[in-house]
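Colleague: how does the following fold in three dimensions:
(chains A, B and C)
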Amino acid sequence: MSNSFPKEEKLKSRKLIEKLFSDGKSVSKFPLKLVFIPLTEHQSTSVNVLAGFSVPKRKFKKAVDRNHIKRLIRESYRLQKTTLFNNLPTSYAFMFLYLGKEQPSFIQLNKSMEQLLNRFLKQINKQ
RNA sequence: GUAGCAGGCUAUCUUAUCGCUUUAUACCUUGUAAUAGGGGAGAAGAGGAAAGUCCGGACACCAUAGAGCAGCAUAGCGGAUAACAUCCGUCAUCCCGAUAACUAUCGAGAUAGGACAAGUGCAACAGAAAGAAUGUACAGGUAAUGCUGUAGUGAAAUCAGGUAAACUCUAUGCGGUGCAACGCCAUGUAAACCAAUGCUUGAGAAUUGCUCGUUCAAUAUUGGAGGGUAGGCGGUUAGAAUUGCCAGGCAACUGGUAAUCCAGAUAAAUGAUAAGACUCGACAGAAUCCGGCUUACAGGCCUGCUUUUUUU
RNA sequence: CGGGAUGUAGCGCAGUCCGGUAGCGCACACGGCUGGGGGCCGUGGGGUCGCAGGUUCAAAUCCUGUCUUCCCGA
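Modeller: Next up, the predicted model:
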């Protein structure tokens, strides 16, 4: 049950996304980059994290490739988000970006995701 | 059997676990009930090109949608179609191959294929001369003359010359904007909206590129409830639909009948892991919906024609 | 979803409207001026005009299709 990734946990609001890119901070571990921003109280719901995924069109011209990479990232996030939620004090909005130029394998992506989330937690705890 | 060409069909599969989108019965809770909330067994879930956006429609709104000009598109003839620049048939012209022999027949293919007997323009080099023109050599001819033939230049040389994928003319068609169209709800700022009345001006503004025409029009009073904002719902998938059979037609296609329901997302749903099979898997991801065209593309299957080999 | 531009020599551009010779600058090669370099002067080489097809006697130019790159609007 905890591994599911329903609609409510997806980042959908256009305003929130714009605010995320203008005011948000970022952590990166090649080939992934995470942009995040804390959610204010009235924005936060029962959900811990709102997450979105993006692959630039400039690097992957074919829609099939972009879709596939987004699916891989989403799958990797879905499998690892439980441990993240256990250590999070407040709610956040996430946007994952893919920076690489080639099609990744799921195993590589999974490792990168693990390291990326650890770096994120460290940065949070410093503050 | 082999190789090639053309056309059509197909587009890896199986199992388990975790997850995504749509739909959803039983069930649980509140409640008299309608209903509301929870729940989630099961079912369904990208393409032949979903692509390029090159044509044609459907559908929606705009009443300043009218008239004229301009502009754009099409172009043998006949048919199909909702419509088309698509498709089918056919004629003509051109090209290739075979037969046959200097002219036809057969097969395969290509064609933006109306008009230069309305006007305007254009034709490098060569050539006397490229269109209100005339001339060299030889020959012929005349009362006389480029009057006639041949040579020569050129893609084209006197003939109602060529050229319209040159302007143009003829015929036919085309209102504009596009689902982010458009309708509704919620939130909520503010007087930027609408109607009526009255007043002044006819300046200015609006529209399809232009003209005509048309419409609006400062401010004030009264009345109405509108305007902006991508937050949500509808539009949104049952259709010029698919499949089978029968009938009509040379064909494109049409009619009848039976059965079926076959994606509907909205930062945007198909993936991951493990195992197995084979021929080892190409190009590639729906976004309002259809009909075409074009482009990309591994393998497999079917049909027809041609080449060559073997057997009868 | 809609609209527009671009492609010509190694690089940057003109020529395309209105069809007949492909040109300019930088760079490159050779020669000269100088004792040498730089600089200047002269000469020269180098282009499938993105690709395919068509119209035409003739196409970078006209027409059709297609590909690449880039930009704009919602």
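Colleague: for the residue nearest to the spatial centre of chain A, give me its contacts.
Modeller: Against the mean C-alpha coordinate of chain A, by C-alpha atoms, centre = their mean, the closest residue is A:Phe96 at 3.7 Å. Applying C-beta atoms under 8 Å, 6 or more residues apart in numbering, we find A:Phe96 in contact with A:32-34, A:51-54, A:73, A:77. No exception for glycine: its C-beta is placed from N, CA and C like everyone else's.
Colleague: try it again at 10 Å.
Modeller: A:11, A:32-36, A:51-55, A:70, A:73-74, A:76-77, A:113, A:116 (C-beta atoms under 10 Å, 6 or more residues apart in numbering).
Colleague: let me know the pLDDT of A:Thr45.
Modeller: The model reports A:Thr45 with a pLDDT of 49.
Colleague: how about the helices in chain A?
Modeller: A:14-23, A:63-86, A:106-126 (DSSP state H).
Colleague: now the last one - C-alpha only, CSV.
Modeller: So that's helix A:106-126. In CSV, the C-alpha atoms belonging to helix A:106-126 read as follows (Å, rounded to 0.1, in the frame of the first residue of the first chain):
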residue,chain,number,x,y,z
PHE,A,106,16.5,1.5,-14.4
ILE,A,107,19.2,0.2,-12.2
GLN,A,108,21.4,3.2,-12.7
LEU,A,109,18.5,5.6,-12.1
ASN,A,110,17.5,3.8,-9.0
LYS,A,111,21.0,4.3,-7.5
SER,A,112,21.1,7.9,-8.5
MET,A,113,17.6,8.4,-6.9
GLU,A,114,18.8,6.9,-3.6
GLN,A,115,21.8,9.2,-3.4
LEU,A,116,19.8,12.2,-4.5
LEU,A,117,17.2,11.7,-1.7
ASN,A,118,20.0,11.2,0.9
ARG,A,119,21.6,14.5,-0.2
PHE,A,120,18.2,16.2,0.1
LEU,A,121,17.7,14.9,3.6
LYS,A,122,21.1,16.1,4.7
GLN,A,123,20.4,19.6,3.3
ILE,A,124,17.1,19.7,5.2
ASN,A,125,18.6,18.6,8.5
LYS,A,126,21.3,21.3,8.3
